[in-house]
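>>> Got a sequence here, can you model it:
(2 chains)
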Amino acid sequence: MYTYLDYNSTTPVSKEVLDEMIPYFNQMYGNPSSTHTYGQKAIRAVDMARVRIAKFLGSKPDEIIFTGSGTESDNLAISGVLNNKKNKKHIITSSIEHSAVYNTCKEFEKNGFKVTYLPVDNNCRISIDDLENAITEDTALISIMLTNNETGVIQDIKKVAEVAEKNRITLHTDAVQAAGKMEFSVDGLGVDLLTISGHKIYGPKGIGALYVRRGLKLHPMIFGGGQEKKLRAGTENVPGIVGLGKACEIAGENLERNIEYLSKQRDALEQGILKNISFAKVNGGLAERGSNTSNISFPGIESETMIVKLDLNGIAVSSGSACGATSRETSRVLTAMGLSALDLFSVIRFSVGLGTTDEDIEKTVQTISKTCNK
Amino acid sequence: MKNRIKIVAALSGGVDSAVAASTYVEKGYEVIGVTLKMKSCDDSKEKTKACCGLDDNIQARLVAEKLNIPHYFLDVRQDFKEKILKYAWKEYSVARTPNPCVLCNFYLKFGSLLDFATDIGAIGVITGHYAILERDETGSVKLFKGKDDLKNQTYFLSALTQEQLNRSYMPLGDITKVEVRQIASQLGLPNAKKQESQDACFGYKGEAFAETLYRIFDSKSIPGDIITEDGKIVGRHKGINNYTIGQRKGLGIALGKPAYVFKIDKESNTVYVSTDSSLLLKSTFTAIDMNWLDSDEDIIECEVQTRYRQTPLPAIVEKITSTTASITLLQPARAITPGQALAVYRGSQLIAGGWIDEVN
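Below is the predicted model of the structure:
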């Protein structure tokens, strides 16, 4: 049996989600913009998904915009705000954002915007003092992620929101890795924009959503027909939207139980590894973390070698963001946390999921112990 | 299925490495495909993704899928730049003509990749070189030219040590390229008809290799005079790094007859040309960094190869020190070029390798 411990890269589509999607490929295949019965079936399915997602995030249905991915949602949030407030040219983000936010900010930097990348401490947390000090008259947007994809560390977005509100600055958070793994709502956090993605929560790939607080104006990203409040034109990905809606509904209904389960498996894995491998070190372990992620350095054993060895033994893990997995470039996130070169080159990210069994954990701990203690 | 012998197959995306890998799959080994990631897109002038082997990567993955084996990329971009490209750049800048393929085999395919194989518990690396390896009981390995005369690649393997050869597997030595393509077709390998891509690892589109190196390492070519053997200035050159001994094309001069570069002088920044091709004929030179693979004598009667695709030349190789040698050809030969690799053969066996240093 293969053991999959890379749920932060992607998750399988759950059976309930898949079942609900299938009819929208070849039975209720209408275009949601059409007047006829086919169109009506489709638009109702899209509406239902919006309702489910809104419930999951604690928003109103009309505050949900569908996009093609989490990355696209991040892009829409950032470019939508910046291209709308043409007079303000400063962005505050963090040095540990996912590339979807980080590289979008880099792009605006090339085009004359100023970007502040807030540093983090060695447990992957930004400081509110740094944030306050970074704010200027010119600041148009703050974008800080909720849960980090590599370490699982959670930022105190509520505090960030207080600062943003006091200074009347729009706040975006990338909650792609937080959804389904911790309790939050858009009002509880106090954000104006929030990103989620389908395939991280047992929904399909190729679908994302952006929560946009009522009254906040964004500049459109894709021009064409009038879909998605004219922000993101193009015929809706109806099966994907249905899948995302169902995935959010299930995640919401089972949230408490799932968090408990994920934490239990993650902690068992982490403790098992630390007990058996004296030189292993958890990165970000002292901060508040999402329930499923453990980032561990095995100094002296290169990440690449470890990943291949584990894969050949039927265990799937990664060294960090899947987007950079084929390169030996060191993690920007862990570099920002101040890890030594030895720790950086030997990092493994374990991310457990709802399909992770006790046997998976036991097998992984054993295999790693054998590999490390040879 | 368990406890099969693990072996790494270098998969370049080409047909040779694919067929080489397939032979070990058929023998029942646990074959693990690995593709070296060498080039960095950032080094391309055009900064397009087509430059860094994306097509080869796709081919390599399709091969792995067809053979039903795992496949990984090993990122050696830093070593490629520091150990291969920087070396080549330094050679050009002292008016020598480097052979990066020989060094790439030494440091990457039979260096980083072999180390990786060992790390993951594999016995060694399979490559698609047309060469024959003969192992004896004592663990020593003899390296011979492959059956396909046209594809003799032992020249590129001339820097490899016994230790490296010991962990190498080259199953294509006793077949020909034509046969390899037939096997690839029979197996339904996606790249059976793929064209050769000899120099694909080096150089980028629209640029000579030396130009690329000068751009990457941020150094300037200094133009200078092109002078004939009797001291007449006949033109300007674009910088000595852009020329090689024996070069005829691209000199931008007209002497009525074909003219050849016969000497490049770094000190005076001069390229010397002549219409008299006999000036290119030399018969003695020295070699450094000698790799004595299978040769105990101090004076060796043998054949030597001074560049790729050259018919080996009868010669006497004399050991000067443990790492240097003096070579005397029985007949003078054209354009022996400092910086190029030297391969020493006894019959079809490669018995030593080295680097051409001074040509007299």
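>>> if you skip the residues just before and after it, what's nearest to A:P119?
Of all residues not flanking A:P119 in the chain, A:S95 sits nearest, at 5.7 Å (CB to CB, 6 or more residues apart in numbering or on different chains). Glycine gets a C-beta too; all of them are placed from N, C-alpha and C.
>>> Quick check: that neighbour touching A:S331?
No: the criterion here is CB atoms under 8 Å, and A:S95 misses it with A:S331 at 11.3 Å.
>>> Can you give the distance of stretch B:105-115 from its chain's centre?
Taking the mean C-alpha point of stretch B:105-115 and that of its whole chain, the gap between them comes to 13 Å (CA atoms, centre = their mean, to the nearest Å).
>>> Same question for stretch A:39-58.
Going by CA atoms, centre = their mean, the spacing between the C-alpha centre of stretch A:39-58 and its chain's C-alpha centre is 21 Å.
>>> Give the buried residues for that stretch.
A:41-43, A:45-46, A:48-57 (16 or more other CB atoms under 10 Å in any protein chain shown).
>>> about what we covered before: for A:S95 and A:S331, indicate the residue with more neighbours.
Each of A:S95 and A:S331 had its neighbours counted (other CB atoms under 10 Å in any protein chain shown), and the higher figure belongs to A:S331 (23 against 17).
>>> domains of chain B?
Taking automatic domain parsing as the criterion, chain B consists of the domains B:6-187, B:220-275, B:281-359.
>>> Could you dump the ones you listed into a markdown table and include mean pLDDT?
A markdown table is the format used below for the domains of chain B (pLDDT from 0 to 100):
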| stretch | mean pLDDT |
| --- | --- |
| domain B:6-187 | 90 |
| domain B:220-275 | 88 |
| domain B:281-359 | 94 |
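>>> Could you work out which of the ones you listed reaches nearest to chain A?
Distances from chain A to each of the domains of chain B were compared using CB to the nearest CB; the minimum, 3.6 Å, belongs to domain B:6-187.
>>> and the end-to-end length of the closest one?
22 Å (CA to CA, to the nearest Å).
>>> hang on, the earlier thing: if I pick the residue nearest to A:P119, what's in contact with it?
For A:S95, the set of contacting residues under the criterion of CB atoms under 8 Å, 6 or more residues apart in numbering or on different chains consists of A:117-120, A:332-333, A:336.
>>> Tell me both backbone torsions, phi and psi, for it.
The phi and psi torsions at A:S95 (degrees, to the nearest 10) take the values phi -80, psi 0.
>>> would you list every one of the helices in the chain?
I'll assume chain A. Assigned helices in chain A, in chain order: A:15-21, A:23-26, A:37-57, A:70-82, A:99-110, A:128-134, A:157-166, A:186-189, A:238-253, A:255-276, A:303-312, A:332-336, A:341-344, A:358-372 (criterion: DSSP state H).
>>> nope, chain B
Secondary structure of chain B by DSSP H: the helices cover B:15-26, B:54-67, B:77-79, B:86-93, B:100-104, B:113-119, B:162-166, B:177-187, B:209-216.
>>> And for A:T10, nearest residue in space, chain neighbours not counted?
A:H199 (4.8 Å).
>>> returning to that earlier point: can you lay out the domains of chain B as JSON lines showing distance to chain A and mean neighbour count?
Below are those laid out as JSON lines (distance: least, CB to the nearest CB, whole Å; neighbours: other CB atoms under 10 Å in any protein chain shown):
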{"stretch": "domain B:6-187", "distance to chain A": "4", "mean neighbour count": "19"}
{"stretch": "domain B:220-275", "distance to chain A": "28", "mean neighbour count": "16"}
{"stretch": "domain B:281-359", "distance to chain A": "28", "mean neighbour count": "18"}
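>>> Can you pull the domain assignment for chain A?
According to automatic domain parsing, the ranges for chain A are A:3-11+A:255-372, A:15-253.
>>> Where among the ones you listed is average confidence lowest?
Per-segment mean pLDDT for the domains of chain A reaches its minimum on domain A:3-11+A:255-372, at a mean of 92.
>>> Start and end of that one, how far apart?
End-to-end distance for domain A:3-11+A:255-372, by CA to CA: 19 Å.
>>> so which of the helices of chain B comes closest to A:Q366?
Across the helices of chain B, A:Q366 has its closest neighbour in helix B:113-119 (19.6 Å, CB to CB).
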